[in-house]
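S.K.: below are the sequence and a predicted model; questions follow.
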Amino acid sequence: MSGMFSTGLSGLNVARVALTTTAHNTANVNTPGYSRQTIAVEGNGARPTGAGFIGTGAHVVTVARNYDRYLQAQLTQAESGLQALDTYATQAGHLDDLLADRASGLSALAQTFFAAVEGVANTPADPAARQQMLSAAEAVAGKFRALDGYVTDRNASLNEEIQGHVRQINAFAGQVAALNRQISQLSAMAGGQPPNDLLDQRDRLVSELAKLVGVTVVEQDGGQYNLFVGTGQTLVLGDRAATMAAVPAASDPTRYAVALVGPQGDAIEIDERVLTGGSLGGVLAFRREALTSTQNAIGRLAVTLASAFNAQHGAGVDLAGVSGGDFFAVGRPAVFSDARNAGDQVLAATLADAGRLTASDYSVAVADVGGTLAYTVTRLSDGERIAVTPAGGGAASTSFNGFPVSFDGLTISATGTAQAGDSFLIRPTRDGARDLAVLLKNPARIAAAGSPVAAATTSSSAAVGPVLIDATYRGAPLQPSQTIRATYDGASLSFELVNADGSSSSLAAGPYVSGQPVTVRGITVAISGAPAAGDIFTLSPRASGVADGSNALALGALQRRALVGDGTATFNGAYAQLVSDVGNRTMQAQVARSTQDSLASQIRASQQSVSGVNQDEETANLLQYQQMYQANAKVIQAASTIFETILAIR
């Protein structure tokens, strides 16, 4: 009878464990990350008898998770990518809404400004028209600064988001390491049986961690997880978690970078381009691909507009007959030395030609080539190493060892000594919109009239630039019948005053330097190019007065000239291109997010078909195991009855 008792008892125990497991599944039907558990049952060894082997019941081998490691890894990766795209699309959408505002956007204000300039051209002496032009200019400059302020604020907000994400990553990494330790200990205490609920909890933490940053999971012997980010940087190794930190970037202190803290407390930056996936990856990608380029493009528009407007404004005269000065304040390029540089060299950048500026930042790297320091310049927007030209003349080269040099509308000079491995970041236009301001405050100072002196040349290979006048000229202007003639003899220029009767008198002479301004009798003019011996340049008085509006017409015409991007776009065209670029990025991110969401949903459905709890199935199992429990109880009851009957026979 003992065999029957033990057999029934074993079945009763199996049914009890099955009922408990089913109840556990039912209780966790809505628990995030829970994997349905099932029991694995094996028969007990049979007992040999003369009549054959008689079974002795069954026992529970283990309680196992319904778990597919491949599907779980796919789901974690898909949700990490979805979170990155969602973050990118949301951030880009805000930027797109700002730039595409037609009512109060930059494009509308720029058109209003140039319309006011044309109003001055139509009525040059009207104080109201001049004041309207200044007011419109202030509005444009204010909009540029507002746009830059928004982008700057977004950069500051992203810095805070990066700090917050890093804190969360550290918290999750620490919890995963602690669970690794618990799982290893409990599994050893239970004779190798898996602590299923802790395993689910760990997978849930890894999934949440992947929504912050893309991680690679490697399961080692013993069931512990090792987690890696980027190109293999260790985040969790067994029961130890590394610490990440958000620190000011060595190359650009205005931006936060992600670093791993070493054993000695030193923070080693991780290249942000390898941190993909999750909210952190989305933030870094948005800042790198959209926010930076947008701020640079807005700054380039501001610098190009201010430079071109100043140059043309300086060619005219105001109501007092004074040559126009700078109308706008022009932002200057910024250069940052990497905080890890060993040398003391400092680079400085100046604008050489605003029309050739790109909307990119540049890195300058220093290397030791055959015992000589060699510099290379890389355009960060496309990663292209660009050729630079020595400022004093010479062939362009992608590697150089002396300053000053010029490239893409910039001239770079240096002081101090560099060391191999040093690097520098050049931001030509980042602050252009921030620094744009209207310098002119008096409407009468608007140089709407053309210069009272006109320049001409017989040279086919040289040009004479804008003509400026000062107080000396206004005190003794050229008479209608007088001209100033400059003759080039192959090396120098000789200036003379020519009267109506043909008589002349020498004024000045000096060596010719292309582009260098020369001042004669209060007239300043620059001659550029390569004139031939015998070429003549003349300066003659113009008949128009200080209120003729010709220079205002030229100022208004700047709106229609292709001055941006090395002569490829007008101001409005360049801004429309910027709005289109941001809009396209936003649309692409939204489409990619929708596609990724669909993919993640499909993988989640597949994963849940394996690991998810089905309430109907659990209800059916509950009835089945209840009947199993009752049946095994009947076996025990029958054995007891038989045993009592046998005792009664005796």
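M.R.: Alright, I've got the coordinates.
S.K.: look up how far Gly534 lies from the residue nearest to Pro127 when sequence neighbours are not counted.
M.R.: In space, and not counting its chain neighbours, Pro127 is closest to Pro443: 5.8 Å by CB to CB, 6 or more residues apart in numbering. (C-beta placed from N, C-alpha, C; glycine too.) From Pro443 across to Gly534, the span is 46 Å (CB to CB, to the nearest Å).
S.K.: ok, the two, which is more surrounded?
M.R.: Just comparing Pro443 and Gly534: by other CB atoms under 10 Å the higher neighbour count belongs to Pro443, 20 against 11.
S.K.: where's the more buried one relative to Asp548, distance?
M.R.: Pro443 is 17 Å from Asp548, by CB to CB.
S.K.: got the phi and psi for Glu269?
M.R.: Note on Glu269: its backbone torsions stand at phi -60, psi 140 [degrees, to the nearest 10].
S.K.: ok, Ala448 next?
M.R.: Dihedral angles of Ala448 (phi, psi; degrees, to the nearest 10) stand at phi -80, psi -30.
S.K.: so what's the residue nearest to it when sequence neighbours are not counted scoring on pLDDT?
M.R.: Using CB to CB, 6+ apart and skipping the chain neighbours, the partner closest in space to Ala448 is Ala552 (3.9 Å). The per-residue pLDDT reported for Ala552 equals 91.
S.K.: what of Gly265?
M.R.: Confidence for Gly265, expressed as pLDDT, is 79.
S.K.: the one 10 residues further on now?
M.R.: Looking at Leu275, its pLDDT is 93.
S.K.: for Ala447, same thing?
M.R.: 90.
S.K.: I figured it hits Gly321, correct?
M.R.: No - look at Ala447 against Gly321 with CB atoms under 8 Å: they stay out of range, at 10.0 Å.
S.K.: who's more crowded, the two?
M.R.: Between Ala447 and Gly321, counting by other CB under 10 Å, Ala447 is the more crowded of the two (24 against 15).
S.K.: for the closest residue to the more buried one other than its chain neighbours, what are its contacts?
M.R.: Excluding the flanking residues, the one nearest Ala447 by CB to CB, 6+ apart is Gly324, at 2.5 Å. Neighbour list for Gly324: 313-318, 445-447, 551 [criterion: CB atoms under 8 Å, 6 or more residues apart in numbering].
S.K.: ditto for Pro253
M.R.: Neighbour list for Pro253: 336, 339 [criterion: CB under 8 Å, 6+ apart].
S.K.: does it count as helix, strand or coil?
M.R.: Secondary structure state of Pro253, per DSSP: H, G, I helix; E, B strand; the rest coil, is coil.
S.K.: do the same with Thr389
M.R.: What three-state DSSP gives for Thr389 is strand.
S.K.: distance of it from Leu179?
M.R.: Thr389 sits 60 Å away from Leu179 when distances are taken as CB to CB.
S.K.: and those two? Which one has more around it.
M.R.: Here Thr389 and Leu179 are compared on neighbour count by other CB under 10 Å; more neighbours surround Leu179, at 23 against 16.
S.K.: next, the residue nearest to Val317 when sequence neighbours are not counted: phi, psi?
M.R.: Nearest residue to Val317, sequence neighbours excluded (CB to CB, 6+ apart): Ala449, at 5.0 Å. For Ala449, the backbone dihedrals (degrees, to the nearest 10) come out as phi -90, psi 150.
S.K.: Ala449 touches Val120, doesn't it?
M.R.: No - contact criterion CB under 8 Å: Ala449 and Val120 do not qualify, at 10.3 Å.
S.K.: need the overlap of contacts for the two.
M.R.: Contacts common to Ala449 and Val120, judged by CB under 8 Å, 6+ apart, are 549, 552.
S.K.: the residue nearest to Ala448 - how many residues pack around it?
M.R.: Neighbours of Ala552 (other CB under 10 Å): 29.
S.K.: so where does it fall, helix or strand?
M.R.: Element membership for Ala552, per DSSP states H and E: helix 550-557.
S.K.: now swap in Asn226 and tell me
M.R.: Using DSSP H and E, Asn226 sits in strand 225-229.
S.K.: pLDDT on that strand, on average?
M.R.: In this model, strand 225-229 has an average pLDDT of 94.
S.K.: cool, and stretch 336-351?
M.R.: Summarised as a single mean, pLDDT over stretch 336-351 is 93.
S.K.: quick check: next helix or strand after the longest helix anywhere in the chain?
M.R.: Longest helix in the chain, counting residues (DSSP state H): helix 127-189. Later in the chain than helix 127-189, the nearest helix or strand by DSSP H and E is helix 196-210.
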